[in-house]
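Peer 1: curious how this folds, go ahead:
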Amino acid sequence: MERPSLEFNLPDTHEEGKLYVVDSLNNLNKLNVCPVVSQRSLEEEVNTDGAGESMAGSNTRNQCLFFITFILTLIVSLALVSFVIFLIFQTRNEVDQISSRLLSEKKNIEDLKKINNIILKHLNQSGIKE
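Peer 2: Got it, this is the predicted structure:
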C-alpha cells in the first residue's frame, strides 16, 4: 500500500521541481534583462509574500498624490505670478500719475518764479524798496 502512494507523490515532487527550475530561470532572465527593476521586484515579492498588489496600489496612489500636488503647486505659482504682474502694472500707473503731477507742479513753480521776478522788477522800477 505504501508503494502506490510513493509513486503517486513522486510525480508531484518532480512537477514541483520543474516549476522551481522554471521559476529560477525566469528570475535569472529578469536579472539579466533589467537588473535594477527586477531585483527590486524580486525583493518586493520576497518581502510582501502576496501583498505585492497592495504595494503596487500604494505606489500608484503615491504617484497620483505627487501629480496632484505638482498641479496644485503650479496653479498657486501661476496665481502668485499673475498677482505680482498686476501689482507691477498698478505701481507703474501710480508712478506715471505722480510724475505727471510733479511735472505740472514744476511748471507752476516756474511760472510763479517768473511772476515774482516781474513783480520785483516792477517794484524796483517804480522806486518802492523794502
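
Peer 1: every contact and neighbour count from this point should use C-alpha atoms.
Peer 2: Will do.

Peer 1: for this protein, which helix extends over the most residues?
Peer 2: Longest helix in the chain, counting residues (DSSP state H): helix 52-126.

Peer 1: got the confidence number for residue 99?
Peer 2: For residue 99, the pLDDT comes out at 95.

Peer 1: residue 28 - how many residues pack around it?
Peer 2: If you count neighbours by other Cα atoms under 10 Å, residue 28 ends up with 14.

Peer 1: what helix or strand is it located in?
Peer 2: helix 2-33 (DSSP states H and E).

Peer 1: where in the chain is pLDDT low?
Peer 2: Residue ranges of the chain with pLDDT under 70: 1-19, 29, 31-56, 128-130.

Peer 1: what about 90?
Peer 2: 1-62, 123-130 (pLDDT under 90).

Peer 1: and residue 72, how many neighbours?
Peer 2: 12.

Peer 1: tell me the spacing between it and residue 111.
Peer 2: Distance, residue 72 to residue 111, using Cα to Cα, to the nearest Å: 59 Å.

Peer 1: with residue 105 instead?
Peer 2: 10 Å.

Peer 1: over to residue 77?
Peer 2: In terms of Cα to Cα, residue 77 sits 51 Å off from residue 111.

Peer 1: could you do residue 96 as well?
Peer 2: Applying Cα to Cα to residue 96 and residue 111 gives a distance of 23 Å.
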